[in-house]
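# What shape does this take:
(one chain, ligands or ions: 1)
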Amino acid sequence: MKTHNWNDFISFSTEKKVSLLNRNDRPYHCLLAQQFDRSFLDSLYHLTNVIRAISKSKQGNLYLQSTLPHKKAMLYFMQPSTRTYLSFRTACQILGIQTSDVRDSSISSEVKGESNEDTLRTFSSYFDFIIMRHPEEGIAERAAWVLENSDRTVPVLNAGSGKDQHPTQALLDIYTLRRSFENFGGLKDKTIILAGDLLRGRTVRSLAQMLTHFDGIKLILSSPEKFKMRNDVIDLLKMSSVEVIESDKFKEHLPEADAIYMTRVQDEHDTEGFKSERSLPDFSLTEADLKNLKEHTAIMHPLPRRNELDPAIDNDPRAKYWRQERNGMWSRAALMLMIANKDSEVLNYWNEICRQVNHTAKALPRKRQL
Ligand code: NCD
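Got it, this is the predicted structure:
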């Protein structure tokens, strides 16, 4: 990236960008869903399960905290966030990483007229990871480019870029789907509905792209016409093995779904003069709908929710969104370990523990059915 000017960089193909954002065939900056291939997703899934198992004991927790205590992370969140912010922060705490945050541009020198580029360079002077959420699409890419062209490059992790991408949410969503289908043959050959505001929902845009790594997926994209998934993602899906169906008849598809991923109207992205409704009753899931679902259907939502997901569903065993939220912490901890190339060390620690206590094969988080 160092040798490229910005205009060249943004005009590169996704493949070329990915090759510049990755190091040694794994993500270094984590900006795009397309950076994650199947082998990385498999490794991340296994490592996430191992971290969860290690953290069950006090000794294990102390070990995990000793993996990256020499690192510091900046949480730069220029849009509201509860889960993504907290799960990244607790992921850092799990690994011993110290965190600081800037969550309000009015308290940063940007109000004095400092450019975003200079703010980011300043963060890189003090921190080893920059985790950022920003309303502007492409700003995380710009951040990575700025740092690559400075004398101190640190990884940039995209925690939500405008209405474009939310790759780490997609990682935890894939993890949650795989966990949910562990006893149902894995994620392969599953029918998944993505419902709601697919036009501006960055979570579904990243998730749809990541699902292309799994065989036999049928993806039902269910939204009102005006909130249809944009063509860039549709084209990518059509080039993959995913079967894509676009439909505005959400309820009709419920009986065939193995997973239903609900989203809220992303009205914070309404441009002037365009005021969308706050909820979409025809793209909502109510308690009455539960009888139409399969016994194992996973109900997911990146949260926060509005009316599209009835709280009366919360205690149904098929509701996975609270687990999904917690999985964000484990998946993000695993991701940061992999970026810091500490994953082998943690896997060795776990293997040694297993050897010492002579766990039965059953008790181990083995590579599960994928
Ligand atoms: C999502 C987001 O910010 O894009 N939330 C999240 O990160 N968990 C979805 C949303 O806000 O609707």
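# Show me which residues of the stretch 101-250 of the chain are close to the ligand?
160, 166, 169, 202-203 (Cβ under 6 Å from any ligand atom). Where you see a C-beta, it was placed from the backbone N, CA and C, and this is true even at glycine.
# go on, the stretch 251-370 of the chain?
263-264, 302-304.
# and if we set it to 8 Å?
Residues of the stretch 251-370 of the chain found near the ligand (Cβ under 8 Å from any ligand atom) are 263-264, 266, 302-304, 325, 328.
# Relative to residue 21, which of the residues of the stretch 101-250 of the chain next to the ligand is nearest.
Among these, residue 166 lies closest to residue 21 (Cβ to Cβ), at 15.9 Å.
# contacting residues for that closest one?
84, 158-160, 202-203, 205-206, 302 (Cβ atoms under 8 Å, 6 or more residues apart in numbering).
# residues near the closest residue to residue 241 other than its chain neighbours, how many?
Among residues not flanking residue 241 along the chain, residue 215 sits closest, at 6.1 Å (Cβ to Cβ, 6 or more residues apart in numbering). Neighbours of residue 215 under the rule other Cβ atoms under 10 Å: 12.
# just residue 343 next, same as before
Residues lying near residue 343 (other Cβ under 10 Å) number 22.
# what's the pLDDT at it?
At residue 343, the model reports a pLDDT of 98.
# Residue 109 too?
Predicted confidence (pLDDT) for residue 109: 80.
# and what of residue 1?
pLDDT for residue 1: 77.
# Tell me the buried residues within the residues of the stretch 251-370 of the chain next to the ligand.
Neighbour-count burial (16 or more other Cβ atoms under 10 Å) applied to these gives 263-264, 266, 302-303, 325, 328.
# what pLDDT, on average, does the host helix or strand of residue 326 get?
Following DSSP states H and E, one finds residue 326 within helix 321-339. For helix 321-339, mean pLDDT is 98.
# May I see the buried residues of it?
Buried residues in helix 321-339, counted by 16+ other Cβ under 10 Å: 321, 324-339.
# what's the distance between it and the middle of its chain?
Centroid separation for helix 321-339 versus its chain: 8 Å, with Cα atoms, centre = their mean, to the nearest Å.
# and it, C-alpha only, in CSV?
What follows is helix 321-339, C-alpha atoms only, in CSV (Å, rounded to 0.1, in the frame of the first residue of the first chain):
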residue,chain,number,x,y,z
TYR,A,321,-29.6,-13.1,19.5
TRP,A,322,-28.4,-12.8,23.1
ARG,A,323,-25.9,-15.6,22.5
GLN,A,324,-24.9,-13.9,19.3
GLU,A,325,-24.2,-10.7,21.2
ARG,A,326,-22.0,-12.6,23.7
ASN,A,327,-20.3,-14.5,20.8
GLY,A,328,-19.1,-11.1,19.6
MET,A,329,-16.8,-10.9,22.6
TRP,A,330,-15.2,-14.3,22.0
SER,A,331,-15.0,-13.9,18.2
ARG,A,332,-13.3,-10.5,18.5
ALA,A,333,-10.8,-11.8,21.1
ALA,A,334,-10.0,-14.7,18.7
LEU,A,335,-9.6,-12.3,15.8
MET,A,336,-7.2,-10.0,17.8
LEU,A,337,-5.1,-13.1,18.8
MET,A,338,-4.9,-14.1,15.1
ILE,A,339,-3.9,-10.6,14.0
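# got a list of what residue 2 touches?
Each residue near residue 2 by Cβ under 8 Å, 6+ apart is listed here: 148-149.
# One more: residue 296?
Counting by Cβ under 8 Å, 6+ apart, residue 296 has contacts 180-181, 184, 258, 318.
# okay, how far is it across stretch 275-290, tip to tip?
By Cα to Cα, to the nearest Å, the extent of stretch 275-290 from end to end equals 31 Å.
# re the thing from before, on contacts alone, who are the packing partners of the helix holding residue 326?
Helix 321-339 sits against strand 26-27, helix 38-54, helix 83-95, strand 156-161, helix 167-180, strand 298-300, helix 343-357, with contacts defined as 3 or more Cβ pairs under 8 Å, 6 or more residues apart in numbering; DSSP states H and E.
# which one of those has the most crowded surroundings?
The highest average neighbour count among the helices and strands packed on helix 321-339, using mean count of other Cβ atoms under 10 Å, belongs to strand 156-161 at a mean of 27.
# close to the ligand, is stretch 74-87?
Yes: counting by Cβ under 8 Å from any ligand atom, the ligand is contacted by stretch 74-87 at 79, 81-84.
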